[in-house]
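In: Predicted model and sequence follow; I will ask about them next.
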Amino acid sequence: MAGAITVYAQGGTDIRPRHVTEPRWVQLILIGIALLFIGLVVLLPLASVFVEALKKGLSVYFASLTEPDALSALRLTLIVALIAVPINTLFGLAAAWAVSKFAFRGKNVLVTLIDLPFAVSPVIAGLVYMLLFGAQGYLGPWLQEQGTQIVFAVPAIVLATMFVTVPFVARELIPLMQAQGVQEEEAAVSLGARGWRLFTRVTLPNIKWGLLYGIILCNARAMGEFGAVSVVSGHIRGQTNTLPLHVEILYNEYQFSASFAVASLLVLLAVLTLIVKNIVEWKTASGRVH
Amino acid sequence: MKGSKRRSALPGFGLSMGFVLMYLSLIVFIPLAAVFFKTFELTWTQFWDAVTNPRVLASYRISFGTALQAGLVNVVFGLLIAWVLVRYRFPGKKLIDSLVDIPFALPTAVAGIALTAIYSKNGWIGSLLEPLAIKVAYTQAGITIALVFIGLPFVVRTVQPVLQDLEQEMEEAAVMLGAYRFRTVVRVVIPQLLPALLTGFALAFARGIGEYGSVVFISGNMPMKTEIAPLLIMTKLEQFDYAGATAIAAVMLVVSFLLLLLINGLQWRMNRKAETR
């Protein structure tokens, strides 16, 4: 699963005996094609972000990052992530607990439903909140009476981001906790552990790396979400622009270097995400007790 | 629980299920239901007109067509990359393995501007293709390339574990029965990978039809030619044509649901097979 942690025979990769593998020249060609493809499709775009960002020199680079609109975009992105990620982490923990430790009918349906936001286009995710809270929406007139602004303001951005990132922690934890089973928790209960203590002393230590990775992935998506936020934000400079939206605005104004400079921040976030993933995989492989 | 005689010893079922269902309803189900309620406000003729308008049909064709092409490219190269990562050893393998996840972790807008920069007329690759009269940016080819970028991790990461778990014994048996390598790969190994390949393709396809951020920069957004469905929804919203936007969204939602069911069904089957080994 894209985004899931799995350990692929680290270090223990055997060289396959000659009779069940391809001739060396075929291997080299295949490796070459694979490297070429990855280089072309993945490395090139990554490199181009930094090349374009630094085209006008370091001083322009830093100026673009510290410009007021960029800073407020950064602030908004962080606020949104700080709200969406913890709530969805809580959701993920609750969902994984319910699904992995108990037997009930409709479990598959629930898991499929949790995956819904994953399958829905981000633009539709934004659309649904416009339908509910927009001026022509179902709750629109009522909201106007109350004087509360939801769409084209921060609350809608937070909601849209929450919608899109719902599945991330849950998808990470559910298979993990299902694989770990109920035995340890049941043993703890028979020894007298209750509720919160049961969770923090028994379950949490077992899932901590998967949880960390789920949170990091959720965060990367929350900070990088573009389509859903684009629909509901109103693009008001300095107020309702997140970092990705700011990148778009700069790009559309032909301020390419500035646009790529801000984009490079997001690339660093993605790289950080992957570094954490590798650490988690390494820890899971080497520190596994069961 | 209904029909269950044995109560679980563990606490928290009520609390966790309650929270899960309430949260999902508020954040996911009710908003999604709003789409269908809005659609029901239209008469059947209005709905039909909204979704079969030539511009809308063109956008479906572009969205689905490019996602299909990108999915197929990803199946071929994704299989290749998974194969190379699982079965061969070479320097830099861990780095390549990590790079595969970049499209999954990278914000879509960043991917969009980076790809546009590379494939536009003055870009690194665009300038090479220009003399050959091949245009990539602002064409459907550009959209396909963006979707190839986006969909790559889905195929690779779905195939890798399955490939990893294949038994060497089957290939040895094939060799002993007289098959040379190519035939073994095609007749013995690849068939075992088909469910995973199909799942990966479905995931990449589902992601591709809904993709917005990485496509909207490179496509040029010309109606009837390179306008993807999500963009059309966005445009209609900006024009306050909520009904039209919702109608298109409803169609896409139905397709997404069906794909989701297909994917989960396939994954369930794959997990069943893995358990019975």
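Out: Received the coordinates, thanks.

In: pLDDT below threshold where in the stretch 1-150 of chain B?
Out: B:1-7 (pLDDT under 70).

In: So which residues of it form helices?
Out: Under the criterion DSSP state H, counting those that start in this stretch, the stretch 1-150 of chain B contains helices at B:13-24, B:30-40, B:44-52, B:54-87, B:93-99, B:102-105, B:108-119, B:126-129, B:140-165.

In: what residue is smack in the middle of chain B?
Out: The C-alpha lying nearest the average C-alpha coordinate of chain B belongs to residue B:204 (Cα atoms, centre = their mean; 2.2 Å).

In: That one against residue B:70, yeah?
Out: Yes: Residue B:204 is within contact range of residue B:70, at 6.8 Å (criterion: Cβ atoms under 8 Å). Where you see a C-beta, it was placed from the backbone N, CA and C, and this is true even at glycine.

In: Check the secondary structure at residue A:192 for me.
Out: Put simply, residue A:192 is coil when judged by DSSP: H, G, I helix; E, B strand; the rest coil.

In: what about it, distance to chain B?
Out: According to Cβ to the nearest Cβ, to the nearest Å, residue A:192 and chain B sit 12 Å apart.

In: Please apply the same query to residue A:233.
Out: Here the criterion is Cβ to the nearest Cβ. By it, residue A:233 lies 12 Å from chain B.

In: repeat for residue A:261
Out: From residue A:261 to chain B the distance is 11 Å (Cβ to the nearest Cβ).

In: Thought residue B:34 was touching residue A:138, still the case?
Out: Yes: between residue A:138 and residue B:34 there is a contact under Cβ under 8 Å: 6.4 Å.

In: Who are the contact partners of the nearest residue in space to the residue nearest to the centre of chain B that is not next to it in sequence?
Out: Spatial nearest neighbour of residue B:204, chain neighbours left out: residue B:151 (3.1 Å); criterion: Cβ to Cβ, 6 or more residues apart in numbering or on different chains. Applying Cβ atoms under 8 Å, 6 or more residues apart in numbering or on different chains to residue B:151 gives the contacts B:70, B:71, B:74, B:103, B:203, B:204, B:205, B:207, B:208.

In: Could I get the residues you listed in JSON lines, plus columns for distance to residue B:18?
Out: Shown next, in JSON lines, are these (distance: Cβ to Cβ, whole Å):
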{"residue": "B:70", "distance to residue B:18": "41"}
{"residue": "B:71", "distance to residue B:18": "39"}
{"residue": "B:74", "distance to residue B:18": "40"}
{"residue": "B:103", "distance to residue B:18": "37"}
{"residue": "B:203", "distance to residue B:18": "31"}
{"residue": "B:204", "distance to residue B:18": "36"}
{"residue": "B:205", "distance to residue B:18": "35"}
{"residue": "B:207", "distance to residue B:18": "32"}
{"residue": "B:208", "distance to residue B:18": "36"}
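
In: out of the residues you listed, what pair is the most spread apart?
Out: Spatial extent of the contacts of residue B:151 (Cβ to Cβ) is set by the pair B:103 and B:205 at 14.9 Å.

In: hey, where'd the helices end up in the stretch 151-290 of chain A?
Out: Going by DSSP H, counting those that start in this stretch, the stretch 151-290 of chain A shows helices at A:154-180, A:183-190, A:195-198, A:204-224, A:227-233, A:243-252, A:256-286.

In: rank the ones you listed by pLDDT, which is bottom?
Out: Note on the helices of the stretch 151-290 of chain A: lowest mean pLDDT is at helix A:195-198, with a mean of 82.

In: chain center to that one: distance?
Out: Remark: helix A:195-198 is offset 28 Å from the chain centroid, using Cα atoms, centre = their mean, to the nearest Å.

In: Just the residues contacting it, thanks.
Out: For helix A:195-198, contacts defined as Cβ under 8 Å, 6+ apart pick out A:185, A:188, A:189, B:10, B:11, B:12.

In: CA atoms only: put it into PDB for me.
Out: Taking Å, rounded to 0.1, in the frame of the first residue of the first chain, the C-alpha atoms of helix A:195-198 are listed here in PDB:
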ATOM      1  CA  GLY A 195      -9.100   1.800  30.400                       C
ATOM      2  CA  TRP A 196      -6.500   4.500  30.100                       C
ATOM      3  CA  ARG A 197      -3.800   2.600  31.800                       C
ATOM      4  CA  LEU A 198      -4.400  -0.400  29.500                       C
END
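
In: dump the residue contacts of residue B:228.
Out: Per Cβ under 8 Å, 6+ apart, neighbours of residue B:228: B:59, B:62, B:63, B:66, B:143, B:211, B:212, B:215, B:216, B:219, B:221.

In: Relative to residue A:62, which of those is nearest.
Out: Of all these, residue B:216 has the smallest distance to residue A:62: 28.3 Å, by Cβ to Cβ.

In: tally of neighbours for the closest one?
Out: By the measure other Cβ atoms under 10 Å in any protein chain shown, the count of residues near residue B:216 is 27.

In: any idea how far it is from residue B:159?
Out: As judged by Cβ to Cβ, to the nearest Å, residue B:216 and residue B:159 stand 29 Å apart.

In: what do residue A:138 and residue B:34 both touch?
Out: Common contacts of residue A:138 and residue B:34, defined by Cβ under 8 Å, 6+ apart, comprise A:131, A:132.

In: Now do the shared contacts for residue B:204 and residue B:70.
Out: What both residue B:204 and residue B:70 touch, as defined by Cβ under 8 Å, 6+ apart, is the set B:147, B:150, B:151.

In: Could you point out which of those residues is nearest to chain A?
Out: Nearest to chain A, judged by Cβ to the nearest Cβ, of the shared contacts of residue B:204 and residue B:70 is residue B:151 at 9.1 Å.

In: Would you quantify the distance from that closest one to residue A:129?
Out: Distance of residue B:151 to residue A:129, given as Cβ to Cβ: 27 Å.

In: swap in residue B:42?
Out: Relative to residue A:129, residue B:42 is positioned 20 Å away (Cβ to Cβ).

In: Residue B:215 and residue B:143 touch, don't they?
Out: Yes: here residue B:215 reaches residue B:143: they are 5.2 Å apart, a contact under Cβ under 8 Å.

In: Could you pull up the residues touching the one residue in the stretch 151-290 of chain A that gets nearest to chain B?
Out: Proximity of the stretch 151-290 of chain A to chain B (Cβ to the nearest Cβ) peaks at residue A:224, 2.8 Å away. By Cβ under 8 Å, 6+ apart, the contact list for residue A:224 reads A:243, A:244, A:266, A:269, A:270, B:106, B:107, B:108, B:109, B:110.

In: Distance of the nearest residue to the last one once chain neighbours are set aside relative to residue B:244?
Out: Across the structure, with Cβ to Cβ, 6+ apart as the measure, the residue nearest residue B:110 apart from its sequence neighbours is residue A:263 (4.4 Å). Computed with Cβ to Cβ, the distance linking residue A:263 and residue B:244 is 32 Å.

In: between the two, which one's more packed in?
Out: Per other Cβ under 10 Å, whichever of residue A:263 and residue B:244 has more neighbours is residue A:263, with 30 against 23.

In: so that one makes contact with residue B:109?
Out: Yes: counting by Cβ under 8 Å, residue A:263 touches residue B:109, with 7.4 Å between them.

In: any common contacting residues for those two?
Out: The contact lists of residue A:263 and residue B:109 share residue A:247, where a contact means Cβ under 8 Å, 6+ apart.

In: list the contacts for residue B:211?
Out: With contact set as Cβ under 8 Å, 6+ apart, residue B:211 has these partners: A:121, B:67, B:108, B:146, B:147, B:150, B:228, B:230.

In: what's the closest of those to residue B:265?
Out: Nearest to residue B:265 among those, with distances taken as Cβ to Cβ, is residue B:67, at 19.8 Å.
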